[in-house]
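>>> pasting the sequence and the predicted model now:
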Amino acid sequence: MRIYTDNSGTDIFTFSYGNTLEITSVPPLCEDASNGSIDIKIWGGRPPFYFELEDTLTKIRYTRLGKAEQYFTQLPAGFYNISVSDDNDRTLKSALLLEPVETLALNLPGIQLLETGKSIQLDASALHTGTATNYLWTSDNGFNSADALVELTEEGIYELIVQNENACTVKGNFTVKNSSNTISANTSGNSGNSTGKLTAGKAEYKAYPNPSPGFYNIEAILPETSEINIRIFNIEGKLLSEWKDRGKKHYRFNSDINMPGSYIVEFDTPFGKEKIKLIISK
């Protein structure tokens, strides 16, 4: 017996005593939408039938009692355990992975420093996963744009909203500060591992390519779900950018630096504070 479907249509499960489950699923359009459905039909057995559907993440249970076919609607994405029992106490069990049609996720910078007389250019299409049809940038300083590519010239808290063709949306924010108003951070001590990769205990940290022509990736793989704070300093100890996130084991950020030189990437997690030297060579 197969234990879960692939969301491709209808799946049929046949058990040793002749009863069969037929399961048809429709995935939700968005990761945070509850518009998926699962249709379960049992062939054989003695009615009435008791159907139970359990979301293994939230532990929410959906139940039905009655005829041999039951239709569960308004379901979010997730992994579901399925159980069907007949009046003879014979129980059929299966499981199903209900995946969204597409997952949208943002990868925004934490803090962007604005140098005097210069601007910051950001491309929304490079700051998210999945496909998008609409963008909206706003800020508390009055900035507003529906273009993917924007040029930022003022301090403020900026928000980006991304929407795809199914009207799924995801939003996030970041801060732009004038570099002259930023207090330099102390990076004394360890000047950072210069290989671009560092393993500390069961945690792994990466900054690549290293050396980089300007665009770089930062990656952290932690032994368990934890929060993280990543900071980029120049060689004098001045904070250039910062990212904060939580609720995951695997983090990945990317950005670019226009000025050649040596930089320090600092990873701050519950498992310790580690540093990697990042070299920009153009």
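Yes, it's here. Residues are numbered from 1 along each chain as shown.
>>> partner residues bridging the residue nearest the centre of the chain?
A centroid search over the chain (C-alpha atoms, centre = their mean) returns residue 105, at 5.1 Å, as the residue closest to the centre. Here residue 105 sits in beta bridges with residue 129, as judged by DSSP bridges.
>>> next, work out how far apart it and residue 169 are.
12 Å (C-beta to C-beta, to the nearest Å). Using the backbone N, CA and C atoms, a C-beta is placed for each residue, glycine as well.
>>> picking that back up, confidence score at the residue nearest to the centre of the chain?
What the model reports for residue 105 is a pLDDT of 82.
>>> run through the residues that contact residue 135.
When contacts are counted by C-beta atoms under 8 Å, 6 or more residues apart in numbering, residue 135 touches 124, 145, 146, 147, 148, 160, 161, 162, 163.
>>> hang on, the earlier thing: pretty sure the residue nearest to the centre of the chain is in contact with residue 129, am I right?
Yes. Using C-beta atoms under 8 Å, residue 105 is in contact with residue 129, at 4.7 Å.
>>> sorry, back to before: please pick the buried ones from the contacts of residue 135.
In the contacts of residue 135, burial by neighbour count holds for 124, 145, 148, 160, 161, 162, 163, counting by 16 or more other C-beta atoms under 10 Å.
>>> residue contacts, the first one?
Applying C-beta under 8 Å, 6+ apart, one finds that residue 124 lies in contact with 132, 135, 137, 148, 149, 150, 160, 162.
>>> can you do 10 Å?
106, 108, 132, 134-137, 145-150, 160-162 (C-beta atoms under 10 Å, 6 or more residues apart in numbering).
>>> quick one, phi psi at it?
The phi/psi pair for residue 124 (degrees, to the nearest 10) reads phi -60, psi -30.
>>> gap between it and residue 47?
54 Å.
>>> coming back round to it: overlap of the contact sets of residue 105 and residue 129?
Common neighbours of residue 105 and residue 129, using C-beta under 10 Å, 6+ apart, are 162, 170.
>>> coming back round to it: closest one of the contacts of residue 124 to residue 41?
Of all the contacts of residue 124, residue 41 sits closest to residue 132, with 37.5 Å by C-beta to C-beta.
>>> how about that closest one, secondary structure?
Classification of residue 132 using DSSP: H, G, I helix; E, B strand; the rest coil returns coil.
>>> my guess is residue 257 contacts residue 235. True?
No. The criterion here is C-beta atoms under 10 Å, and residue 257 misses it with residue 235 at 12.0 Å.
>>> overlap in contacts of those two?
Counting by C-beta under 10 Å, 6+ apart, the contacts common to residue 257 and residue 235 are residue 263.
>>> these two: who's more crowded?
residue 257 (19 against 12; other C-beta atoms under 10 Å).
>>> for that one, which non-adjacent residue is closest in space?
Ranked by C-beta to C-beta, 6 or more residues apart in numbering and with sequence neighbours excluded, the top spatial neighbour of residue 257 is residue 280, at 4.9 Å.
>>> quick check: residue 53 touching residue 36?
No. Taking contacts as C-beta under 10 Å, residue 53 lies outside contact range of residue 36: 11.4 Å.
>>> quick check: neighbours shared by the two?
72, 75, 80.
>>> okay, and the beta partners of the second one?
This points to residue 75. Applying DSSP bridges, one finds that residue 75 bridges with residue 36.
>>> neighbours of it, how many?
Counted with other C-beta under 10 Å, residue 75 comes out at 22.
>>> ok, it touching residue 98?
Yes. Contact status for residue 75 versus residue 98: in contact at 6.3 Å, counting by C-beta under 10 Å.
>>> want to throw the contacts of residue 135 into JSON lines with distance to residue 176, secondary structure and pLDDT?
Below are the contacts of residue 135 laid out as JSON lines (distance: C-beta to C-beta, whole Å; DSSP: H, G, I helix; E, B strand; the rest coil; pLDDT from 0 to 100):
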{"residue": "124", "distance to residue 176": "15", "secondary structure": "helix", "pLDDT": "92"}
{"residue": "145", "distance to residue 176": "14", "secondary structure": "strand", "pLDDT": "96"}
{"residue": "146", "distance to residue 176": "19", "secondary structure": "coil", "pLDDT": "95"}
{"residue": "147", "distance to residue 176": "17", "secondary structure": "coil", "pLDDT": "96"}
{"residue": "148", "distance to residue 176": "18", "secondary structure": "coil", "pLDDT": "94"}
{"residue": "160", "distance to residue 176": "12", "secondary structure": "strand", "pLDDT": "94"}
{"residue": "161", "distance to residue 176": "17", "secondary structure": "strand", "pLDDT": "94"}
{"residue": "162", "distance to residue 176": "19", "secondary structure": "strand", "pLDDT": "94"}
{"residue": "163", "distance to residue 176": "23", "secondary structure": "strand", "pLDDT": "93"}
